[in-house]
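Visitor: Predicted structure and sequence below. I'll ask about it afterward.
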Amino acid sequence: MISIVSAFAFLQNARYQREYDLGFDIRGSLIAPVNNRSEFDTYRNALQNNPEILSIAGAKSSIGSFRMHEAVEHEMKKAEVDIVEAGDDYLKTFNLQLTQGRDFISNSETDMKESVIITENMATLFGLTQPLGKEIVWRDSIRLFVIGVVKDIYTQGLWRDRDALMMRYIPADQYSNIIVNAKAENIASVQDYMQKEWYKIFPNRLYPRMLSSDLQTVTNLNMSVVYGYTFLGTLALLLSVTGLFSLVSLNIVKRMKEIGVRKILGASVFNISRIINAEFIIILLVASALGAWAGYTWSNTIMSNMWRYYKGVDIYAAAMAVGLLLTICGLTIGYKIYTIATMDPVKTLRDE
């Protein structure tokens, strides 16, 4: 039961984490490093020929790559936050959702000097109930003003608490990353296209690992755990059913004469099945209750040590595990008991 509950629980969690909203389009976004504005423009021009690419943006530091982590201050409160330095169409390309305010204005000197966009949890961190227009001090002397707020972004996946994040606007001369967005179903072909163009433009440089690879790592880990517990659950279930079948068979052998007498005295198939099954039903119910509780505790403990955001064991996982165990055990021993309960009692007593 522990193994079966764990298998269902980790399967549910894998589906939950696969569909979890990280605040940005990780499934449709790809990032590649460039060294300067010239490389960015050359690579971008090559990628724009692909109709499957929906949007391209540039950045100096970004989600999914190097980010600064520095202290900022609002009034008397000081805290460390992630800092992203992004260019035009960054929000659009990563599909970041503005909840308040506006995006950066292209080539705006004012936005480059003093505007920032923050995440909702950064606003909460500094107690900004009305964050637009509020002043943020960076590096003790740089005064920045909030022009927009976006949904929280999970820059560490689901492993750790989401960090507060602040975005600054930079000119194209400072770009060191190129970000590409496409539909999730086209991302494999887009990545192949990007790799092909990369080696045409930068033949002596290794093609980098893309952002979608991080998501695949999490997915692969989840499925490895699911496969492991499924194997253990299946093995444990087979051993349990084999043991139960043996116990039932031994019990029937010891009570063959009693069964024959009861049949002659008019006992029904149901009554005989109930007499034979009673102790095994109790065993199964106790095992189900204890196993469901132990599987719940074990799975939640393991998940809480692996992830910060996960779907713990719920009543459905436990119910499916109990239902599966009872169904397979019932089918396994049911036919054996039915055969004995319906056989001719005269043959039974003569053999005895």
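Guide: Perfect, thanks for sending it.

Visitor: Show me where the stretch 1-150 of the chain has its strands.
Guide: 29-33, 53-61, 68-74, 77-86, 98-101, 115-119, 135-138, 142-150 (DSSP state E, counting those that start in this stretch).

Visitor: mind listing what's buried in the third one?
Guide: Buried positions in strand 68-74, judged by neighbour count with 16 or more other C-beta atoms under 10 Å: 72, 74. Using the backbone N, CA and C atoms, a C-beta is placed for each residue, glycine as well.

Visitor: So what's the predicted local confidence for Thr339?
Guide: Thr339 carries a pLDDT value of 72.

Visitor: list the buried ones in the strand or helix carrying it?
Guide: Using DSSP states H and E, Thr339 falls within helix 315-342. Residues of helix 315-342 classed as buried: 317-318, 320-322, 324-325, 328-329, 333, 337, 340-341 (neighbour count, 16+ other C-beta under 10 Å).

Visitor: now for that helix, which elements pack on it?
Guide: helix 2-18, helix 211-254, helix 256-264, helix 269-306 (3 or more C-beta pairs under 8 Å, 6 or more residues apart in numbering; DSSP states H and E).

Visitor: any idea of the angle it forms with helix 211-254?
Guide: Using axes from the mean of the first three to the mean of the last three C-alpha atoms, to 10 degrees, the direction of helix 315-342 lies 30 degrees away from that of helix 211-254.

Visitor: now the residue lying closest to Ala182 once chain neighbours are set aside, what's its secondary structure?
Guide: Nearest residue to Ala182, sequence neighbours excluded (C-beta to C-beta, 6 or more residues apart in numbering): Val190, at 4.4 Å. Counting by DSSP: H, G, I helix; E, B strand; the rest coil, the backbone at Val190 sits in helix.

Visitor: my guess is Val190 contacts Leu30, does it?
Guide: Yes. Using C-beta atoms under 8 Å, Val190 is in contact with Leu30, at 6.7 Å.

Visitor: shared neighbours, these two?
Guide: Overlap of the contact sets of Val190 and Leu30 (by C-beta atoms under 8 Å, 6 or more residues apart in numbering) consists of 180, 182.

Visitor: so which of the buried residues of helix 315-342 would you say is closest to Tyr296?
Guide: Ala318 (6.4 Å; C-beta to C-beta).

Visitor: which one is the closest one nearest to, not counting chain neighbours?
Guide: Ala292 (4.4 Å).

Visitor: so what's that neighbour up against?
Guide: 1, 5, 318, 321-322.

Visitor: circling back to that earlier point, figure out how far the helix holding Thr339 is from the centre of its chain.
Guide: 32 Å (C-alpha atoms, centre = their mean, to the nearest Å).

Visitor: what's the angle between it and helix 2-18?
Guide: Going by the same axes, to 10 degrees, helix 315-342 makes 140 degrees with helix 2-18.

Visitor: My read is that Asp111 contacts Met167, right?
Guide: No. Applying C-beta under 8 Å as the test, Asp111 and Met167 come out as separate, 10.6 Å apart.

Visitor: Of these two, give the one with the bigger neighbour count.
Guide: Met167 (28 against 20; other C-beta atoms under 10 Å).

Visitor: Regarding the more buried one, what is its secondary structure?
Guide: strand.

Visitor: Spit out the contact partners of it.
Guide: 83-86, 90, 116-118, 150.

Visitor: Met320 too?
Guide: Met320 touches Phe8, counting by C-beta under 8 Å, 6+ apart.

Visitor: Can you give me the distance of it to Glu279?
Guide: Relative to Glu279, Met320 is positioned 26 Å away (C-beta to C-beta, to the nearest Å).

Visitor: do Ser299 as well
Guide: From Ser299 to Glu279 the distance is 30 Å (C-beta to C-beta).

Visitor: So these two - more neighbours on which side?
Guide: Ser299 (26 against 12).

Visitor: Isn't that one up against Tyr310?
Guide: No. Ser299 is not in contact with Tyr310 according to C-beta under 8 Å; the separation is 9.8 Å.

Visitor: what residue ranges in the stretch 101-250 of the chain are flagged as low confidence?
Guide: Under the criterion pLDDT under 70, the flagged ranges of the stretch 101-250 of the chain are 156-157, 209-219.

Visitor: out of the helices and strands packed on helix 315-342, nearest to Glu70?
Guide: Of these, nearest to Glu70 by C-beta to C-beta is helix 211-254, at 22.9 Å.

Visitor: Show me what that closest one is packed up against.
Guide: helix 2-18, strand 29-33, helix 269-306, helix 315-342.

Visitor: can you put these in TSV and add distance to Leu221?
Guide: Shown next, in TSV, are the helices and strands packed on helix 211-254 (distance: least, C-beta to C-beta, whole Å):
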stretch	distance to Leu221
helix 2-18	9
strand 29-33	20
helix 269-306	8
helix 315-342	19
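
Visitor: Looking at the ones you listed, which is nearest to Pro203?
Guide: strand 29-33 (14.8 Å).

Visitor: Quick one: neighbours of the spatially closest residue to Leu47 that is not a sequence neighbour, just the number.
Guide: Nearest residue to Leu47 in three dimensions, chain neighbours excluded: Ile53, at 5.7 Å (C-beta to C-beta, 6+ apart). Other residues near Ile53 number 20, with proximity taken as other C-beta under 10 Å.
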